[in-house]
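1. what follows is a predicted protein model with its sequence.
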Amino acid sequence: MDLDSTAGPDSKHIRKQRSLCYMDSASRFREIDIARGIAILMMILFHTIFDLNFFMIAPVNVATGFWRYFAMTTASLFLFIVGISLVVSHARSAVKLSGFSLVKKFLYRGAGIFALGLLVTFATWLYLREGFVIFGILHLIGVSVMLFPLFFRFKRYNILLGLLCIAGGFFIGTIQGPIWLLPLGIYPVSFVSVDYTPLIPWFGAVLFGIGMGDYLYSGGVRRLAVPYLPDRIAVPLSFLGQHSLVIYLVHQPVIILILAAVTGTKVL
């Protein structure tokens, strides 16, 4: 007999204990790590193509066409997974934390990721000067994590909010304004950056992930069966997904150095 369908006065208590034990587990959902690992591989591929064009090694158009849509798909997948992961993290953290303590967890985590985004800003300013990253994907993820406690309460309605945010990008992208509005998607005519990921429309992908996360992993529990993937494929992808932040921070210098070594291109 299914324990969740057991009748009796203690059934609710039993279900709660099962849920708490599951959420308190240090185990991870492998399918989330695998999806993040796939996004990492897509990112590495795109940035390799981007660098081939940037250093004039090969004439590849990354601003329009296939590679432009490939980059947008990669970023969307990353941010969608961020939203799902936030739902799972909230469910598991809520076992031990509540109230402002729970909110602080996401504020601190988001601030830490945003600080790494500022590190990227400084590094790209030193290396590029013109076109350096002011508000890229790490900045966006950091702010998104800090905003999450405000939106978690809307649960599956975040799907609608996310779609509205994405739709808003078509409107706000036509507006020019001062540089301090960059995070919102408004920028001066002269603005250029190698990575610009504003809240509108990209926060919409995170909201969509939060809404889908409430459907797929409500309460920190997997609600649907996932297809089997052989370990020879799943393990490497899962490893990449579990170390995505470190890989993000180091992959570009590694790609650039490899291209320089292979082609003899001057990169400094």
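-> Looks like it arrived, so ask away.
2. next secondary structure after the helix or strand residue 141 falls within?
-> Assigned by DSSP states H and E, residue 141 belongs to helix 137-151. Elements were assigned by DSSP H and E; along the chain past helix 137-151, the next helix or strand is helix 158-172.
3. and that next one, what's its mean pLDDT?
-> If you average the pLDDT over helix 158-172, you get 95.
4. which helices and strands does that helix pack with?
-> Packed against helix 158-172, as judged by 3 or more Cβ pairs under 8 Å, 6 or more residues apart in numbering; DSSP states H and E, are the following elements: helix 199-216. (Each C-beta comes from the backbone N, C-alpha and C, glycine too.)
5. confirm that residue 174 sits in a helix.
-> No. Checked against DSSP: H, G, I helix; E, B strand; the rest coil, residue 174 lies outside a helix; its state is coil.
6. identify the residues contacting it.
-> The contact partners of residue 174, by Cβ atoms under 8 Å, 6 or more residues apart in numbering, come to none.
7. same deal with residue 54?
-> residue 194.
8. give me the element residue 71 is part of.
-> Here residue 71 sits within helix 65-93, counting by DSSP H and E.
9. now do that helix: distance to the chain's middle.
-> Taking the mean of its C-alpha atoms, helix 65-93 sits 4 Å from the chain's own mean (Cα atoms, centre = their mean, to the nearest Å).
10. what of stretch 54-74?
-> That offset, for stretch 54-74, works out to 20 Å (Cα atoms, centre = their mean).
11. do stretch 129-144 as well
-> Centre-to-centre, stretch 129-144 and its host chain are 13 Å apart (Cα atoms, centre = their mean).
12. try stretch 119-128
-> 21 Å.
13. now do stretch 245-253, average pLDDT.
-> Averaged over stretch 245-253, pLDDT sits at 96.
14. and for that stretch, what's in contact with it?
-> In contact with stretch 245-253 (Cβ under 8 Å, 6+ apart) are residues 40, 43, 44, 47, 51, 113, 116, 119, 120, 138, 240.
15. same deal with stretch 62-80?
-> With Cβ under 8 Å, 6+ apart as the test, stretch 62-80 has contacts from 35-36, 38-39, 42-43, 46, 49-50, 53, 60-61, 137, 140-141, 144, 197, 202-203, 205-206, 208-209, 212.
16. for PyMOL, write the select line for the buried members of those.
-> The following PyMOL line selects those of these that are buried, judged by 16 or more other Cβ atoms under 10 Å:
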select buried, resi 35+36+38+39+42+43+46+49+50+60+137+140+141+144+197+202+203+205+206+208+209+212
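17. could you list the buried residues of stretch 55-63?
-> For stretch 55-63, using 16+ other Cβ under 10 Å, the buried residues are 60, 62.
18. returning to that earlier point: packing partners of the helix holding residue 141?
-> So helix 137-151, by 3+ Cβ pairs under 8 Å, 6+ apart, packs with helix 65-93, helix 99-128, helix 199-216.
19. I'd like the mean pLDDT over the helix holding residue 71, please.
-> 97.
20. measure the residue nearest the centre of the chain to residue 216 for me?
-> With distances taken as Cα atoms, centre = their mean, residue 79 lies nearest the centre of the chain, 3.3 Å away. Note on residue 79: its distance to residue 216, by Cβ to Cβ, to the nearest Å, is 16 Å.
21. repeat that for residue 255.
-> Separation of residue 255 from residue 216 (Cβ to Cβ): 33 Å.
22. ok, now residue 231?
-> On the measure of Cβ to Cβ, residue 231 and residue 216 end up 23 Å apart.
23. got it, and residue 264?
-> The value you get for residue 264 to residue 216, if Cβ to Cβ is used, is 48 Å.
24. these two: who's more crowded?
-> residue 216 (19 against 8; other Cβ atoms under 10 Å).
25. looks like that one contacts residue 210 (just checking).
-> No. Assessed by Cβ atoms under 8 Å, residue 216 is found out of contact with residue 210, at 10.9 Å.
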